[in-house]
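Engineer: Whatever this is, show me its structure:
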Amino acid sequence: MPELPEVEVTRRSFVDAIEGAQVLAVSLGKPLRWPLSCLPQELVGRSVKTVDRRGKYLLIALSQGWLLVHLGMSGSLRFSADLPAPGVHDHFELVTTRGCLRLNDPRRFGAVVYVESLSSPLAIKLLGRLGMEPLSETFELGLFTQGLKRRKMPIKQVLLAGELVVGVGNIYASEALFLAGIRPTSPAHTLSRPKAARLYAAIRDVLARAVEQGGSTLRDFSSSDGKPGYFQLEAMVYGRAGLPCKRCDTVIKLLRQGQRSTFYCPTCQKA
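Structural biologist: Numbers count the residues shown, from 1 in each chain. Predicted structure coming up:
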């Protein structure tokens, strides 16, 4: 599943190219997770102002309204002036004067939704409960520490929930917890202030490095210009069950939390 780094990498890969473009046509393939919420032809003639991000949503600002794009489990965007004919898994196209933005999504858990404004009921429904942005100034250590104290779930599941801090997906939660020396099963409210501070710093560090590396390509992720990510090559624990820890040689363990795989080092992450 594309997580925050992959979505941010995707945004950066086409934002400059599409800004100022005028919409010439919009076409839909098979239904996605949610309907577009407007007639495709209503978007024709509008221009693209910019592309922002909130959590794992791309926010395409138009001269009137917004397109909220979610890549779901298997989605990816391509932007080019010379794309081939749409394939069976291409379900949304925004044809502009600068090129075509196309969503490919084999499992169709992604979505492209139109809203009149980010304060509209539909936008609030999709974005309103998202937590702090970990790579922005809104991610404050004090608020993060206070939020942990109010949550009794295991810390890994708190991170994945996205209501305290958004976008720390499965790969990056495992890596951040390793970097902070915290066991994934530790109840969030039991973390001391020093541990919370280490985790705060680790989240920012891991996500920033992941963006620099182009995200993680475990199956088929690539940015809108077709480039894969390389962060998975430097993972310390994720996907390394049964292998020695790169730091202490202890065998990396695997456990299931909320139907998700969690990887950790029993020695480096004692509590």
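
Engineer: mind listing the strands in the stretch 151-271 of the chain by residue range?
Structural biologist: Remark: strands assigned in the stretch 151-271 of the chain by DSSP state E, counting those that start in this stretch are 253-257, 260-264.

Engineer: ranking these by burial, who's on top?
Structural biologist: Of those, the one with the most neighbours on average (mean count of other CB atoms under 10 Å) is strand 260-264, at a mean of 20. Yep, even glycine has a C-beta here, placed from its N, CA and C like the rest.

Engineer: how long is stretch 132-142 from one end to the other?
Structural biologist: Across stretch 132-142, the terminal residues are separated by 12 Å (CA to CA, to the nearest Å).

Engineer: check contacts around R198.
Structural biologist: Neighbouring residues of R198 by CB atoms under 8 Å, 6 or more residues apart in numbering: 179-182.

Engineer: follow-up on the earlier one: select, out of the strands of the stretch 151-271 of the chain, the one closest to G55.
Structural biologist: Nearest of the strands of the stretch 151-271 of the chain to G55, taken as CB to CB: strand 260-264 at 17.6 Å.

Engineer: ok, and what's touching that closest one?
Structural biologist: Contacts to strand 260-264, defined as CB under 8 Å, 6+ apart, come from residues 156, 160, 170, 174, 177-178, 183-184, 237-241, 252-256.

Engineer: Neighbouring strands - and their directions - for that strand?
Structural biologist: Applying DSSP bridges, strand 260-264 is found paired with strand 253-257 (antiparallel).

Engineer: what's in contact with the strand it pairs with?
Structural biologist: Contacts of strand 253-257 with the rest of the structure, by CB under 8 Å, 6+ apart, involve 154, 156-157, 184-185, 241-242, 261-266.

Engineer: any idea how far N104 is from K30?
Structural biologist: As for N104, its distance to K30 is 12 Å (criterion: CB to CB, to the nearest Å).

Engineer: How about V168?
Structural biologist: 31 Å.

Engineer: With Y57 instead?
Structural biologist: The value you get for Y57 to K30, if CB to CB is used, is 21 Å.

Engineer: who's in contact with A208?
Structural biologist: A208 is in contact with L135, counting by CB under 8 Å, 6+ apart.

Engineer: ranges for the helices of this protein?
Structural biologist: For the chain, the helices defined by DSSP state H cover 4-18, 121-127, 141-149, 155-161, 170-180, 193-212.

Engineer: Looking at those helices, which is nearest to L36?
Structural biologist: helix 121-127 (11.2 Å).

Engineer: So which elements touch that closest one?
Structural biologist: strand 66-70, strand 111-115 (3 or more CB pairs under 8 Å, 6 or more residues apart in numbering; DSSP states H and E).

Engineer: Relative to L143, which of the ones you listed is closest?
Structural biologist: Closest to L143 of the helices and strands packed on helix 121-127, according to CB to CB: strand 66-70, at 25.0 Å.

Engineer: chain center to that closest one, what's the gap?
Structural biologist: In terms of CA atoms, centre = their mean, to the nearest Å, the centre of strand 66-70 is found 13 Å from the chain centre.

Engineer: S13 touches S76, doesn't it?
Structural biologist: No: using CB atoms under 8 Å, S13 makes no contact with S76, being 10.8 Å away.
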